[in-house]
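> Kindly generate the corresponding structure for this input.
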Amino acid sequence: MSLFRLRLGRRIGGVATVGALVCAAVTAAGPAAAATPTVLYASPSGTGSTCSLSAPCSLDGAKSKVESLTPGMAADIDVYLRGGTYRLSQAFTLGAADSGQNGNKVAWIGYPGEVPVLSGATQVTGFSVFDSSKNIYRAAVPAGTQSRQLFVNGVRAQRARGPLNPSGFTLSGSSFTTSDPSYASFTNASSVEVVTNSQWKQMRCPLASITVPSGGGSSLNVDPTCFANNNTAVPNRGFPFNGAGLPTLNSVSYLENAYQLLNAPGEFYLDSAAGLLYYEPRSGENLSAADVELPTQQTLLNVSGTPGHLAPVNDTDPAISYSGSGWGYSTGRGFGDLLNDAHATTVNGDSMSYTFTGTGIDVLSETNSDEGGIDVYVDGAKVQSVTAATSSRLAQQVIASVSGLTKGQHTVKLVKTSGSYLVIDGLTVVPDAVTPAHDIAFQGLTFDYTTWTLPSTAGYIDNQAGVLWDTGSGHAPIRIPAAVQVHRGSKIAFTGDEIAHTGGTGIDLADGTQNSTITGSFVHDNSGGGVSVGEVDDYYLTDTSRMTTGDTVSENWIDHVGQDYSDAVGIWAGYTRNLTISHNDIGHTPYSGMSLGWGWGYASPCSMQSAQGLGNCAHGTIYAGGNQILNNHVHDVMGVLNDGGPIYTNGGQGNGDGSTTSVLAGNLVEVGNHTNNRLYQDEGSSYWNTHDNVTRTGGGDWIGMWTPTIHDITIHDNYSDTTSELNRGTNITFNQATIVSGGAWPSAAQSIIAAAGPDAAYRPMTGRVDDDDTAISYTGSGWTANGTRGFGDYNDNVHATTGNGDTAALTFTGTGVSVIGEKNSDQGQVEVFLDGTSQGLFDTGSATRQAQVTIWSTSGLSAGSHTVQFVKRSGTWATLDAFDVTGTYNDNAPSIAYNGSPWLDSTNRGLGDYGDDVHATANNGDSATVTFTGTGISFLTETNSDEGTIAVSLDGASRGSVNAFSASRQSQQTLYSVSNLAPGRHTLSLAKAGGSWLVVDRFDVH
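Below you'll find the predicted structure:
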């Protein structure tokens, strides 16, 4: 028996806390103490061979050290990345050799209080004035540099772009013609792109040339291959790949990427061949001091197991050998075959052989009542006898699967033994054993600045939701690549990371990644989507080891995705099993907020396809099911495109036995803009339990199911502010939502609203509360909400009402508040109340529109709970954009991260602390970190004779130190304060550097 003594009688700031000496006995049979992790360090300039704190390694050096330690791992390995920018010339790649072993993990962790940034950008300097009349500056970059993005002081610049929906263009053949002759003067015509946003798609094509027609004007001649893919020969592979080929690129939404279009602050043009970058700075930007980042890398982190992406080869592959007299070939059958064709024989003894290199293979065929027995041989030895007989036709079924072979060359042979037909549709080779990269964690890291250049040459050949057609591979489906890419992972964890400023998608769990998590992370400002999970072409899988299953995306903040590719969504999932998407905040998207599922009506029975009016039945099985969409807040979506929704589902879920039914519950969706359905259960959606959701403010039907292939969905106990719904599905158990008017939500709905989005521990402290924040309560019948207005609103969205007496109210804890709105000629007076007392009437009328106007403000309130109300009194409209709050947060706020040894939490001290409590530590190096949204923050605490220096960092940069020493105790003193930060998310860290104690009492965010 061992004795361990724990002293709890430490004193915080000179006042005893609990005081006692506690002894605990732990027997040999008791729980074993966790093994001490091995700790390594990395820094941007690290060159050490030992990866110590004094001699940190580079990323690659740390990776090599991890690989040397993983065999026989007896404890976790923690690699701390010191703050600074790691400029990558290629993706940082981890694989199975870098994985945790023996139940332990390898964790790559941001050093407390510091911000390590993995960057794919080149910093550009040396700008000089190029055209003073247009305020255009120019800098040299290496000739041949390719990029489609630029960021100045962390703010995305716009590729030089013409006006939206320009008039005067006519489509003539593959050219857009206009009487305007100015386009003929454009330089580098083959770099210019024409963009069409139409319905649910964005389409882009580079030009081949710009010429002058015989009658004058300009002819913008689209690259012919790209034009065919986007107009005359749009890929339309049908179920399970897509639902329709339309719409097409037949109009001009805008032109992009010509020097001659560079005519607005914040726009840039990169002349790659000449190696010249042109930029027109925004007001206040000083290019001699600005941080100008030109992304050049596509991927920053690549975590990959084996095998990689798997896709079937078609039955027409020349390496397939068909032997015997009965073989025939059919194309255009319309039964859901891979590439709409198949080989078949009626003669017993006929065979198919295929020689491949790998460890396994799947053989795809249809199954049907007229098919029968098959013998399967590998390398001349019979290994299976299978049957393809089923009661009805199913396309693309795995009729034979062989795995566990020694990697090398093998030959699979199928021999027909009975039945009327043997059909061969395709084969999927598994080149390597399924060996995931596994047990790797990433915590507190920032992934910044990527680009994706494929659209510059091939165009953007859209299918839907960031899933495209590969023009170089027979129109196979591909997806926008991600800055953080996981292929074939298991137990890969991302926690508290930031993925931002990307030229593609933010983060992708791909190719059968399992039991992996994305938690408490901030994914924003992405050209493509935010988070992606799963694939669109592995629907047929029966091997569970290759399925995407068991993943979780929760407690994340995802916004401003689709910055370049407006069909992208906040969270996208393809074929997945047991995926949980919960407690996320998704906002400010050009298309759907969330899209889960694929395949349209492929998994729906032929009777339902027929009822939809489809001709032949393309029907097969998929492995998706058991997915959960829970307690998310999805808002201000569908800002650009149409035919989507805040939450959108597609294709089948489950197999109908009730064991894999998917759940859509507890979500709050609002501000739908161009939404036709707030909860959009689109073609083929099936086996959902949709309940206890709240839908409000804007956008068509509260739920939509438009066609018979949507089936077996139970809908109950939902809440909405509209009766409008669409139910044309099959076997739908439909209960109308509880309809609420005037914002009088019943308590059950209020509970759903309060619980939607990230939990308190994952909510940043906030100084600005946007108009669609769940904390704001709107009452009255006149409220509407709109985003993507382009008028300079905060986050480009507002709430507005036409109803006199309509109210918006916010209860907050703090010392000040401002009401932010709009002034315009159609607005009148609003009344503001604070804690139930009128503060007067305020005129919001103006001859011209003014955005983000402070209508009323107060400060110096007692630090406590207050309620502000905004009430319309006159005029046609009253507009609310945001509330600015000086919010007060106690030391026990769940969003404060206390790092290091266990901090002491002392309550009821009676010394004048805010909330009569503090947190404290006696260990140098321990830190407290807060993430906040706003423009400033203040740190208030006690000072005393036993306290000392505190190191301060803001957004990873040192802000020096402050001193908490004083001759006698003084409570709630402001030790550090900062203002005039760029609006947005920031991180403040306080680390103990001297004295006996570091004490944390409160933070004020503004």
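
> how deep is the closest residue to Leu261 other than its chain neighbours tucked in, by neighbour count?
Nearest residue to Leu261 in three dimensions, chain neighbours excluded: Ala160, at 4.0 Å (C-beta to C-beta, 6 or more residues apart in numbering). Using the backbone N, CA and C atoms, a C-beta is placed for each residue, glycine as well. Number of residues near Ala160 (other C-beta atoms under 10 Å) recorded here: 23.

> do Thr177 as well
Thr177 has 20 neighbours, counted by other C-beta under 10 Å.

> if I read this right, it contacts Ser219, doesn't it?
Yes - contact criterion C-beta atoms under 8 Å: Thr177 and Ser219 qualify, at 4.8 Å.

> List the contacts of the nearest residue to Ala756 once chain neighbours are set aside.
Counting by C-beta to C-beta, 6+ apart, Ala756 lies nearest to Leu668, which is 3.7 Å off, once chain neighbours are set aside. Contact analysis of Leu668 by C-beta atoms under 8 Å, 6 or more residues apart in numbering lists 632-635, 693-696, 752-753, 756-757, 774.

> any chance of the residues you listed in JSON lines, with neighbour count, distance to Gly613 and secondary structure too?
Below are those laid out as JSON lines (neighbours: other C-beta atoms under 10 Å; distance: C-beta to C-beta, whole Å; DSSP: H, G, I helix; E, B strand; the rest coil):
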{"residue": "Asn632", "neighbour count": "31", "distance to Gly613": "34", "secondary structure": "coil"}
{"residue": "His633", "neighbour count": "25", "distance to Gly613": "37", "secondary structure": "strand"}
{"residue": "Val634", "neighbour count": "32", "distance to Gly613": "31", "secondary structure": "strand"}
{"residue": "His635", "neighbour count": "32", "distance to Gly613": "35", "secondary structure": "strand"}
{"residue": "Asn693", "neighbour count": "30", "distance to Gly613": "30", "secondary structure": "coil"}
{"residue": "Val694", "neighbour count": "28", "distance to Gly613": "34", "secondary structure": "strand"}
{"residue": "Thr695", "neighbour count": "28", "distance to Gly613": "29", "secondary structure": "strand"}
{"residue": "Arg696", "neighbour count": "25", "distance to Gly613": "34", "secondary structure": "strand"}
{"residue": "Ile752", "neighbour count": "22", "distance to Gly613": "37", "secondary structure": "helix"}
{"residue": "Ile753", "neighbour count": "18", "distance to Gly613": "40", "secondary structure": "helix"}
{"residue": "Ala756", "neighbour count": "24", "distance to Gly613": "38", "secondary structure": "coil"}
{"residue": "Gly757", "neighbour count": "25", "distance to Gly613": "40", "secondary structure": "coil"}
{"residue": "Thr774", "neighbour count": "18", "distance to Gly613": "41", "secondary structure": "coil"}
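
> Could you give the bridge partners of Thr879?
Ala800 (DSSP bridges).

> how far away is it from Met638?
With distances taken as C-beta to C-beta, to the nearest Å, Thr879 is found 20 Å from Met638.

> just for the chain, where's the confidence low?
1-34 (pLDDT under 70).
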